[in-house]
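Student: one predicted model, sequence on top.
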Amino acid sequence: MHDRSAVDAGVLLSILDRSRTRTGFDDASAPTGSIERAVHAEQLGYHRFWVAEHHGVPGIASGAPSVLLAAIGAHTSRIRLGSGGVMLPNHQPFVVAEQFALLAALYPGRVDVGLGRSLGFTEPVRRALRTGREEADTFADDLAELSRFLDGTGPVTVRPAVPAPPMYVLATGKGLAIAAKAGLPVVVGGPILWGDGAEIAAYRRQFRATELFPTPRVIVSLDIMIADSAARARELMLPEAWAMAQSRNTGEFPPLVPIREIDLDAVPTRTRERVERSIDSSVHGTAHEVAIRLEELIERTDADEILASTSTYDRTALAVADAELWKLFAPSLSTRAIAE
């Protein structure tokens, strides 16, 4: 075990779970698995548990975050609940406000509204959602409208009338600037994490303070896998990386498959390279190795929170990895206010 916590500065630790489906199991087991993982995360001491929104995707069974969060809330008592995220172009802001006001009434002080601007994965999905490119271009206006409905200043009063749950923006590129102007925290991942830091620095520089968020806040989201050896950790990352590579080939994001069914020697070089790039973009290894990588990432991004988005086929291995990751953060988190 690394003898110095990766979060000595008080970085929070949370989970983003995407309700991944798995071959050999029916789709209904995916949201049930998300609930079980949330219960385990709360028992460990994680700060938040967020769920995703994906429509018509074979590999993901979470199309309605508010419904899944209601179920998770009924099985937990403390951990914060949120969306990572609701894709605002797919919804009327008033409907989102009603859904999350109801969640906030059911689970007061525990609900977050994470928001993104992605459209449906395929054209048929976008048609089914009645969305197009123009909806994504209205994200800033929709975000402001949603904020007014939540805080009670909109033209219609949302019921139940409760204190507004905090909003967060899943941001890349333009989204960072929108979040800064709105004075909202951001969740960043992907290439931004491994770049020169200019985009995150610009967000901090342009941030407009609000009463709820007087300073900018950055949540870093990435896959993190801890195992007994670096080779085993890399192996556990393979099902998710394989699914990602397959989606590039077929246009569909597939269910996770067991490691034994993946033969990288039997696929084209381009597919193998995509798998390797996906794994390399994660943080994986022994607890000691992961702690070092996370310390470097936190220092480079000045992150306030780590949002682990890890998936693998083996649910038991995933639960062990969640517990091992918590051990790296637990010493400093014991001094943090849970309601932050």
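Tutor: Okay, I see it.

Student: what comes up buried for stretch 142-151?
Tutor: 142-143, 145-150 (16 or more other C-beta atoms under 10 Å). Where C-beta positions appear, they are placed from N, C-alpha and C, glycine not excepted.

Student: cool, and stretch 75-87?
Tutor: Those would be 76, 79-87, for stretch 75-87 by 16+ other C-beta under 10 Å.

Student: same question for stretch 112-130.
Tutor: 112-121, 125-126, 129.

Student: now, the most widely separated pair of these?
Tutor: Asp112 and Arg126 (26.4 Å; C-beta to C-beta).

Student: next secondary structure element downstream of the biggest helix by length in the chain?
Tutor: What stands out as the longest helix in the chain, according to DSSP state H, is helix 230-250. Heading C-terminal from helix 230-250, the first helix or strand you meet, by DSSP states H and E, is helix 269-280.

Student: tell me which other helices or strands that next one touches.
Tutor: helix 230-250 (3 or more C-beta pairs under 8 Å, 6 or more residues apart in numbering; DSSP states H and E).

Student: buried sites along the helix or strand that contains Ala101?
Tutor: If you go by DSSP H and E, Ala101 is part of helix 93-106. Within helix 93-106, the residues that count as buried by 16+ other C-beta under 10 Å are 93-94, 96-104, 106.

Student: turn these into a markdown table, including distance to Val162 and pLDDT.
Tutor: What follows is these, written out as a markdown table (distance: C-beta to C-beta, whole Å; pLDDT from 0 to 100):
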| residue | distance to Val162 | pLDDT |
| --- | --- | --- |
| Pro93 | 17 | 96 |
| Phe94 | 15 | 97 |
| Val96 | 14 | 97 |
| Ala97 | 11 | 98 |
| Glu98 | 11 | 98 |
| Gln99 | 12 | 98 |
| Phe100 | 9 | 98 |
| Ala101 | 6 | 98 |
| Leu102 | 9 | 98 |
| Leu103 | 9 | 98 |
| Ala104 | 5 | 98 |
| Leu106 | 10 | 98 |
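
Student: which among those gets closest to Val218?
Tutor: Taking the buried residues of helix 93-106 together and measuring to Val218 by C-beta to C-beta, the closest member is Phe100, at 22.3 Å.

Student: poorly predicted segments of the protein, please.
Tutor: 1-9, 121, 132-136, 331-340 (pLDDT under 70).

Student: tell me which stretches of it form strands.
Tutor: For the chain, the strands defined by DSSP state E occupy 12-17, 48-51, 80-83, 86-87, 111-116, 167-170, 186-188, 218-222, 224-226, 283-285, 305-308.

Student: closest to Arg270 out of those strands?
Tutor: Proximity to Arg270 (C-beta to C-beta) singles out strand 283-285 among the strands of the chain, at 22.5 Å.

Student: the closest one pairs with which strands, and in what direction?
Tutor: strand 224-226 (parallel) (DSSP bridges).

Student: centre of the chain to the strand it pairs with, how far?
Tutor: Centroid separation for strand 224-226 versus its chain: 15 Å, with C-alpha atoms, centre = their mean, to the nearest Å.

Student: list the contacts of it.
Tutor: 233-234, 236-237, 282-287, 290, 294, 306, 308, 310, 312, 320-321, 324-325 (C-beta atoms under 8 Å, 6 or more residues apart in numbering).

Student: in ChimeraX, how would I select just the buried ones from these?
Tutor: Here is the ChimeraX command that picks out the buried ones among the contacts of strand 224-226, judged by 16+ other C-beta under 10 Å:
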select :233,234,236,237,282,283,284,285,286,287,290,294,306,308,310,312,321,324,325
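
Student: who's in contact with stretch 265-284?
Tutor: By C-beta under 8 Å, 6+ apart, stretch 265-284 touches 190, 194, 222-227, 230, 233-234, 236-238, 240-242, 244-246, 248-249, 264, 290, 293-294, 297, 310.

Student: equivalent analysis for stretch 63-79, please.
Tutor: 19, 31, 34-35, 38-39, 41-42, 46-49, 51-56, 62, 81-83, 85-86, 99-100, 102-103, 106-107, 110-111, 338.

Student: can we see that at 6 Å?
Tutor: 31, 35, 38-39, 42, 49, 51, 53, 55, 62, 81, 83, 86, 99, 103, 107 (C-beta atoms under 6 Å, 6 or more residues apart in numbering).

Student: now Glu225: how far from Arg37?
Tutor: To be clear, residue 225 is Met; Glu isn't right here. With distances taken as C-beta to C-beta, to the nearest Å, Met225 is found 15 Å from Arg37.

Student: and if you look at Ile192?
Tutor: Where Arg37 is concerned, Ile192 sits at a distance of 26 Å (C-beta to C-beta).

Student: what's the answer for Gln246, then?
Tutor: From Gln246 over to Arg37 (counting by C-beta to C-beta), the distance is 24 Å.
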